[in-house]
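> sequence? don't have it. structure:
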Ligand SMILES: Cc1ncc(COP(=O)(O)O)c(C=O)c1O
């Protein structure tokens, strides 16, 4: 198979490189359509869809086009019931508590919208939370006078108790909601959500778990965890089509919980179907076919290895840990957390580029990421915990994802590329 960079600017790699040889992914990579000229190490941001899922998606799209009126008016509701059933079994909840929603960003905003905050109410978040949630909270602070309290969780971190302690320590008598990730995005930490949920229950405070990274990465039983709200994504670790996520609302908070957008069907009188289901069955004309493929993704991934999803998660975690060991040894980095906080991703703190290099233009999130893509054909995120300002420079981080698609050789290749690029930055620093 041709493993050379494309000669014209393709999805992966630079035409400047010519014939650099890339390491092969795993044998299972044949099931995905990712560019073979790219070392793809970021299933955490967007999981690629396996072939079976893409084929199912094509079929659903063709079905819509045969009779869109029947699809939207008659079939969709019943098809979504099937999705709720299968997905509910996968994430550990009853189907009637589950709202399909396009992504975690919309699901988080829907919870904030539905809570009806008053001026002076406090929301506890922490410095590892994903920006779509914190941006929405900043807007709430501005418009509704909500006070956003940000607990500081260290990174690197030695013990999950440090995270739980920081978050619990920020709760006061004015706290209306705690928001925390199940697995953090930038820093890849599997967080001690059980501990924080228990504390919230004890204090009568609502808690929203942002599980965008959880389904498919760690075993999930939402009703056993029993937070107040849980949001998640299917298009990351479950490799479902893009634009597929969910919102779970505990039964005692469902009355009056409405979608942020009320569709043309919202006021229809129907005795046969609870409003919570109807609100999220249909949120206006849209492409709902990705959501219908989520059960196909659950099945396709489970069938790739003999031990099904348990083995998918086990293998990915083992590969993530092995990748961490390899890259740390090659690049002189150190692990960011104990093994107990690792799922299928690991994040490592990187040395800073010299201050004179600050403000360099970047296509992605950091010029180092651009260099890894353009000069080495590796797609891996480099970003920052903290604002990246002079006052709050934060920590520069590389995050490695491990999926069945990947091989350990890909991370060793990344390690070599990273060493070259970091040395290049140091040289610039010395001569600059
Ligand atoms: C923890 C977390 N929450 C929310 C999101 C937003 O997900 P989406 O872009 O699917 O809305 C992400 C995306 O990476 C995330 O990592």
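Perfect, I can see it now. Predicted, not measured: the structure shown is a model, and the values here were computed from it.

> Give me the local confidence score for residue 357.
Looking at residue 357, its pLDDT stands at 83.

> Let me see the contact set for the residue nearest to it when sequence neighbours are not counted.
Excluding the flanking residues, the one nearest residue 357 by C-beta to C-beta, 6 or more residues apart in numbering is residue 428, at 6.2 Å. The C-beta positions use only the backbone N, C-alpha and C, and glycine is treated the same way. Contacts here follow C-beta atoms under 8 Å, 6 or more residues apart in numbering; on that basis residue 428 touches 353-354, 356-357.

> check contacts around residue 130.
The contact partners of residue 130, by C-beta under 8 Å, 6+ apart, come to 104, 181, 184-186, 210, 212.

> How many neighbouring residues does residue 361 have?
6 (other C-beta atoms under 10 Å).

> Enumerate the residues of the protein near the ligand.
Taking C-beta under 6 Å from any ligand atom, the part of the chain that reaches the ligand is made up of 45, 103-105, 130, 132, 181, 185, 210, 212-213, 233, 245.

> Now with 8 Å, please.
Within the chain, the residues that sit near the ligand (C-beta under 8 Å from any ligand atom) are 44-45, 102-108, 129-130, 132-133, 181, 183-185, 210-213, 231, 233, 235-236, 245.

> Out of those residues, which sit inside helices?
Counted as lying in helices by DSSP state H, out of those, are 104-108, 132-133.

> Next, give me the two most distant ones among the residues you listed.
The largest separation in those, counting by C-beta to C-beta, is between 106 and 133 at 11.2 Å.

> just to revisit the earlier point, can you add neighbour count, distance to residue 120 and secondary structure and give the contacts of residue 428 back as JSON lines?
Below are those laid out as JSON lines (neighbours: other C-beta atoms under 10 Å; distance: C-beta to C-beta, whole Å; DSSP: H, G, I helix; E, B strand; the rest coil):
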{"residue": "353", "neighbour count": "20", "distance to residue 120": "42", "secondary structure": "coil"}
{"residue": "354", "neighbour count": "13", "distance to residue 120": "44", "secondary structure": "coil"}
{"residue": "356", "neighbour count": "10", "distance to residue 120": "45", "secondary structure": "helix"}
{"residue": "357", "neighbour count": "14", "distance to residue 120": "43", "secondary structure": "helix"}
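
> Residue 45 contacts residue 236, doesn't it?
Yes: using C-beta atoms under 8 Å, residue 45 is in contact with residue 236, at 7.2 Å.

> ok, those two, which is more surrounded?
Set side by side, residue 45 and residue 236 show more neighbours around residue 236, with 30 against 13, by other C-beta under 10 Å.

> Could I get the phi/psi values of the more buried one?
The phi/psi pair for residue 236 (degrees, to the nearest 10) reads phi -100, psi -90.

> Residue 266 too?
Residue torsions, per degrees, to the nearest 10, at residue 266 are phi -60, psi -30.

> now do residue 407
Dihedral angles of residue 407 (phi, psi; degrees, to the nearest 10) stand at phi -130, psi 160.

> Compute the number of surrounding residues for it.
19.

> Report the contact partners of whatever residue of the stretch 201-350 of the chain ends up closest to the ligand.
Closest approach between the stretch 201-350 of the chain and the ligand, counting by C-beta to the nearest ligand atom: residue 212, at 3.4 Å. Residues near residue 212 by C-beta under 8 Å, 6+ apart: 104, 130, 181, 183, 185, 231-233, 236, 245.

> Out of these, flag the one nearest to residue 35.
Checking those against residue 35 with C-beta to C-beta, the nearest one is residue 236 at 18.8 Å.

> Excluding covalently adjacent residues, which one is nearest to that closest one?
Once flanking residues are discounted, residue 236 sits nearest to residue 47: 5.1 Å by C-beta to C-beta, 6+ apart.
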